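In: fold the following and give me the result.
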Amino acid sequence: MSKKEKLQEEQEKKYPKEEETQTDVEQDTGKRPEKDTNPLPPNPNKVDDH
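Out: Residues are numbered from 1 along each chain as shown. Now for the predicted structure:
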């Protein structure tokens, strides 16, 4: 095995091929869990009527 082939193998171990990398984005990450029944915290941006 030549040095070039060895170097290429090492790089493949470090960096997975494009097919192996995870590209799917997890959906609905902004939703609250169904078990969470706590009310929302008070809105700090809400202006009180003076």
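In: please enumerate the strands of this structure.
Out: For the chain, applying DSSP state E gives no strands.
In: where in it is pLDDT low?
Out: When residues are selected by pLDDT under 70, those of the chain lie in 1, 7, 11-30, 32, 50.
In: can you give me the helices for the chain?
Out: Along the chain, counting by DSSP state H, helices occupy 3-14.
In: now residue 46: how far from residue 40?
Out: 11 Å (Cβ to Cβ, to the nearest Å). For glycine as for every other residue, the C-beta is placed from the backbone atoms N, C-alpha and C.
In: again, but for residue 49
Out: From residue 49 to residue 40 the distance is 20 Å (Cβ to Cβ).
In: who has more neighbours out of the two?
Out: For residue 49 versus residue 40, neighbours defined as other Cβ atoms under 10 Å are more numerous around residue 40 (6 against 3).
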